[in-house]
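> Model the following, please.
(one chain, ligands or ions: 1)
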Amino acid sequence: MADFVGAIDQGTTSTRFMIFDRGGNEVGKHQLEHKQYLPQAGWVEHNPLEIWERTSAVIRTALAQSKLQASDLAAVGITNQRETTVVWDRRTGRPYYNAIVWQDTRTDRIASALDRDGRGDTIRRKAGLPPATYFSGGKIQWILENVEGVREAAQRGDALFGNTDAWTLWYLTGGSDGGVHITDVTNASRTMLMNLETLDWDDELLSFFDIPRSMLPEIRPSSDPSLYGTTRAGGPFAGEVPLPATLGDQQAATVGQVCFSPGEAKNTYGTGNFMLLNTGTELVRSKSGLLTTVCYQFGDQPAVYALEGSIAVTGSAIQWLRDQLGIISGAAQSESLARQVEDNGGMYFVPAFSGLFAPYWRSDARGVIVGLSRYNTNAHLARAALEAICYQSRDVVEAMEKDSGVALEFLKVDGGITANKLCMQLQADILGVPVSKPVVAETTALGAAYAAGLAVGFWQNTDQLREQWHEDQRWEPTWSDEQREEGYKGWKKAVERTLNWVEV
Ligand code: G3P
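The predicted structure follows:
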């Protein structure tokens, strides 16, 4: 058998291809960014063809740099930014419109209408999600209603919907003349269209958005020994590699962090933050503003569910300091600038740029900086931005503890911002529990590789994967309880100031 497994990680700002050996160690990687289109306030789009072009390029380059070819790969897994919506023409492979990104808030009226007439509660019950701009259903509806010819094409059966996993899989398996049209349970659970109990598209939910079933991909397990297909020889792999696995990126990170038992949780720090708590095969419905989502489904085993706290803006607040305010030149500088001060100087920054996600779900919220006095500097703002990342995670932990009745004892972390040591220390201080980071920090790609490898017998079982998780760094809390509660009180006051800012 081949000695390696590949993983495509199609993220919000970039796409990477990674290659892992049997020990779960990285042996090759290439990554490219794609353009963010911001045509109006609140709108965020990607060009799906650019994403496919970048995906092909990172695969070719990573294989060439590591001197490997298709036959060296036992399988390839796909993981992706979730919810981001592509609708394309099955006859040409061309998108009808740019991908509407998960952060995009143009569907705020669609989302709030759902809550005015009771449909919202049905969505909560069946799909486990609160009606929000975040999920795919409203984005598909927007494309059907606003892009000329798409409604008719959908009625003819020519328009296909997919998140970027299905889009990538379509091109990997068939090119513009048509590949397989498949997604997995984790991605489907982010659309507001899938019933969490049947794991199938739900006709009542589809009727809420007036979406024809024929647009939707077939839903399969996240790790499927019967394979979704193989890569086509004329594509970027230049050979046929089994494609048995897809997972939304946050679910993949949960697998990469080997959170296979109920009660195990991880927090990923990317453009946003996403904390997932494995609840086992039991469907736990949140009373505290968390999502119920599918964590993974391996082969013919029952689906495993998770409670999720999704936070829209964390790393992207640091990018905002860099790109819009110009007070730092790169992410690393957010740490050195914030280290110039001892504390936040009374200042709180709530980056509610896309409204507030978990646990508030308020699309009428917008960002605030409060508590300013003439004393404050850029350094306080940088510190407040790092604290905002950690306080938003505290909000989510509070909700998880309420829902599960279990107090968090320690937190597994991963993602870009975990390189910021001050931020991780603040996270331990603000939560009051140790924070632990694994040696292989690329847990998202690793999780997709694990799901693919399990499907083809490259790895035997999850126990084997558990043994491959090793701690790299740990941060212990240093604040007193009083300091922690005082700080959190200020944060909650600042959050109140963001609410009722725009009419939806
Ligand atoms: O739900 C959105 C999430 O999947 C995006 O993750 O890492 O691409 O920002 P990331």
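> and the longest helix seen in the chain, what other elements does it pack with?
Scanning the chain for the longest helix, with DSSP state H as the assignment, gives helix 378-404. If you count contacts as 3 or more CB pairs under 8 Å, 6 or more residues apart in numbering; DSSP states H and E, helix 378-404 packs onto strand 265-269, strand 273-280, strand 304-311, helix 315-323, helix 331-338, strand 348-350, helix 421-431, helix 481-498. No exception for glycine: its C-beta is placed from N, CA and C like everyone else's.
> average model confidence for that helix?
For helix 378-404, mean pLDDT rounds to 95.
> touching the ligand at all, that helix?
No - applying CB under 6 Å from any ligand atom, one finds helix 378-404 separated from the ligand by no less than 13.3 Å.
> circling back: can you list the helices and strands packed on helix 378-404 in TSV and add distance to the ligand?
Shown next, in TSV, are these (distance: least, CB to the nearest ligand atom, whole Å):
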stretch	distance to the ligand
strand 265-269	7
strand 273-280	6
strand 304-311	6
helix 315-323	8
helix 331-338	14
strand 348-350	19
helix 421-431	16
helix 481-498	20
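> Point out the residues in the stretch 51-200 of the chain that sit beside the ligand.
For the stretch 51-200 of the chain, the residues in contact with the ligand (CB under 6 Å from any ligand atom) are Gln81, Arg82, Glu83, Trp102.
> what about the third one, neighbour count?
Yep, that's Glu83 we're talking about. 25 (other CB atoms under 10 Å).
> Now do the closest residue to it other than its chain neighbours, the pLDDT please.
Leaving aside its chain neighbours, Glu83 sits nearest to Trp102 (3.8 Å; criterion: CB to CB, 6 or more residues apart in numbering). Reading off the confidence values, Trp102 has pLDDT 94.
> so who does Trp102 touch?
Applying CB atoms under 8 Å, 6 or more residues apart in numbering to Trp102 gives the contacts Thr12, Gln81, Arg82, Glu83, Thr84, Tyr134.
> helix/strand/coil for it?
coil (DSSP: H, G, I helix; E, B strand; the rest coil).
> Next secondary structure element downstream of whatever helix or strand Trp170 lives in?
For Trp170, the host element (DSSP states H and E) is helix 164-174. The first helix or strand that comes after helix 164-174 along the chain, using DSSP H and E, is strand 182-184.
> Show me which positions of the helix-or-strand element of the chain with minimal mean pLDDT end up buried.
Least confident helix or strand, the chain: helix 108-116 with a mean of 89, by mean pLDDT, DSSP states H and E. Residues of helix 108-116 classed as buried by neighbour count (16 or more other CB atoms under 10 Å): Asp108, Ile110, Ala111, Ser112, Ala113, Leu114, Asp115.
> just stretch 286-300 next, same as before
Residues of stretch 286-300 classed as buried by neighbour count (16+ other CB under 10 Å): Ser286, Ser288, Gly289, Leu290, Leu291, Thr292, Thr293, Val294, Cys295, Tyr296, Gln297, Phe298.
> Out of those, the closest to Ala382 would be?
Nearest to Ala382 among the buried residues of stretch 286-300, counting by CB to CB, is Gly289 at 28.3 Å.
> Any chance of the backbone angles for Gly248?
With angles defined as degrees, to the nearest 10, Gly248 sits at phi -60, psi 150.
> which parts of stretch 59-71 are buried?
Those would be Ile59, Arg60, Thr61, Ala62, Leu63, Ser66, Leu68, Ala70, for stretch 59-71 by 16+ other CB under 10 Å.
> Next: stretch 406-422.
Buried, per 16+ other CB under 10 Å, within stretch 406-422: Leu408, Leu411, Lys412, Val413, Asp414, Gly415, Gly416, Ile417, Thr418, Asn420, Leu422.
> Tell me which other helices or strands the helix or strand following the longest helix of the chain touches.
Downstream of helix 378-404, the first helix or strand assigned by DSSP H and E is strand 411-414. Helices and strands touching strand 411-414, by 3+ CB pairs under 8 Å, 6+ apart, are strand 265-269, helix 421-431, strand 435-438.
> Just name the most buried of those.
Mean neighbour count (mean count of other CB atoms under 10 Å) peaks for strand 265-269 among the helices and strands packed on strand 411-414, with a mean of 26.
> I'd like to check the angle between it and strand 273-280, please.
160 degrees (axes from the mean of the first three to the mean of the last three CA atoms, to 10 degrees).
> re earlier: run the chain-centre distance for the longest helix of the chain.
18 Å (CA atoms, centre = their mean, to the nearest Å).
> Please find the angle between the direction vectors of that helix and strand 304-311.
150 degrees.
> buried residues in helix 378-404?
Within helix 378-404, the residues that count as buried by 16+ other CB under 10 Å are 379-400, 403-404.
> before we move on, back to that, switch the helices and strands packed on helix 378-404 over to CSV; also include mean pLDDT.
As requested, the helices and strands packed on helix 378-404 are arranged in CSV below (pLDDT from 0 to 100):
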stretch, mean pLDDT
strand 265-269, 94
strand 273-280, 93
strand 304-311, 95
helix 315-323, 94
helix 331-338, 94
strand 348-350, 98
helix 421-431, 97
helix 481-498, 97
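> Tabulate the ones you listed in a markdown table, adding columns for distance to Val147.
Listed next are the helices and strands packed on helix 378-404 as a markdown table, based on distance: least, CB to CB, whole Å:
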| stretch | distance to Val147 |
| --- | --- |
| strand 265-269 | 32 |
| strand 273-280 | 29 |
| strand 304-311 | 27 |
| helix 315-323 | 27 |
| helix 331-338 | 35 |
| strand 348-350 | 34 |
| helix 421-431 | 40 |
| helix 481-498 | 32 |
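> The ones you listed: which one's closest to Gly138?
strand 304-311 (15.6 Å).
> now the helix or strand hosting Ala445: mean pLDDT?
Assigning secondary structure by DSSP H and E places Ala445 in helix 443-455. Throughout helix 443-455, pLDDT has a mean value of 97.
> ok, that helix near the ligand or not?
No - contact between helix 443-455 and the ligand is absent, the nearest approach being 6.9 Å (criterion: CB under 6 Å from any ligand atom).
> Next, the angle from that helix to strand 265-269.
Interaxial angle, helix 443-455 versus strand 265-269 (the same axes, to 10 degrees): 130 degrees.
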